[in-house]
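Asker: when you get a sec, could you give me coordinates for this:
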Amino acid sequence: MALSFDDIEGLFRQHGTTQYSGEPVTQTEHALQTAFFAEQEGADDELVTACLLHDLGHLLPGAQGHGETPTLRGVDDLHQFSALPFLRGLFSDRVLDAIRWHVDAKRYLCATRPAYQAALSADSRRSLVLQGGVFSADEAAAFIARPNAEDAVRLRLWDDRAKVDGLATPGLPHYLARARRCRIGEGAAT
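Answerer: This is a model prediction of the structure:
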């Protein structure tokens, strides 16, 4: 069953004030900053929406730790997949693929941009190991050939920047309005 926009807003309200794993921002601040950076670079509604929702899996009931840092316990929480069943039917494959592939985009960027891995935060470096490590050349080529992989790479680059304590961004209602513009189907939940 798809989440409604009220459900999504409720998840941010209920769990979004928790610390974003190992970073100086909350879950909501991280989501808003990622969407903000995308918006500042002219991304369309679908990509901005993927940026807003890319870590929604951290906010779902039963998510690993709600605010603790699972990587410190050696856990890959697979958050990139957990929200997808609840967003399917509400958003296009383009939005879902960018969310699904944003972790693999980190592995790709480490393989294709030598300075990228060194610039990752401590938590991102820990999670990289848990998520399978740097792609081989063949894995990187296969990844970038996937549908919407380029969007996932762009999302990942904004995601990496979205850890700025005190950065002012538009609020959740602004980005949910953009998300509503790209929902699919006449029966999409409101």
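
Asker: leaving out chain neighbours, which residue sits closest to residue 165?
Answerer: Excluding the flanking residues, the one nearest residue 165 by Cβ to Cβ, 6 or more residues apart in numbering is residue 24, at 4.1 Å. In this view, the C-beta of every residue, glycine as well, is placed from N, C-alpha and C.

Asker: revised request: answer the last question for residue 150.
Answerer: Nearest to residue 150 is residue 144, by Cβ to Cβ, 6+ apart, at 7.3 Å.

Asker: contacting residues for that neighbour?
Answerer: Listed by Cβ atoms under 8 Å, 6 or more residues apart in numbering, the contact set of residue 144 reads 108, 150, 153.

Asker: do you know how far the nearest residue to residue 128 once chain neighbours are set aside is from residue 99?
Answerer: Of all residues not flanking residue 128 in the chain, residue 106 sits nearest, at 6.2 Å (Cβ to Cβ, 6+ apart). Distance of residue 106 to residue 99, given as Cβ to Cβ, to the nearest Å: 13 Å.

Asker: identify the contacts common to those two.
Answerer: By Cβ under 8 Å, 6+ apart, no residue touches both residue 106 and residue 99.

Asker: so which residues of this structure form strands?
Answerer: Here the chain has no strands by DSSP state E.

Asker: so where is it shaky, pLDDT-wise?
Answerer: Within the chain, the segments meeting pLDDT under 70 span 63-78, 186-190.

Asker: next, count neighbours for residue 81.
Answerer: If you count neighbours by other Cβ atoms under 10 Å, residue 81 ends up with 12.

Asker: how distant is stretch 140-147 from the center of its chain?
Answerer: 18 Å (Cα atoms, centre = their mean, to the nearest Å).

Asker: list the buried residues in the longest helix that the chain contains.
Answerer: Longest helix in the chain by number of residues (criterion: DSSP state H): helix 93-112. Across helix 93-112, burial judged by 16 or more other Cβ atoms under 10 Å covers 94-112.

Asker: what about the helices in the protein?
Answerer: Counting by DSSP H, the helices of the chain are 5-15, 27-40, 45-53, 79-82, 84-87, 93-112, 116-119, 122-130, 137-144, 149-161, 172-181.
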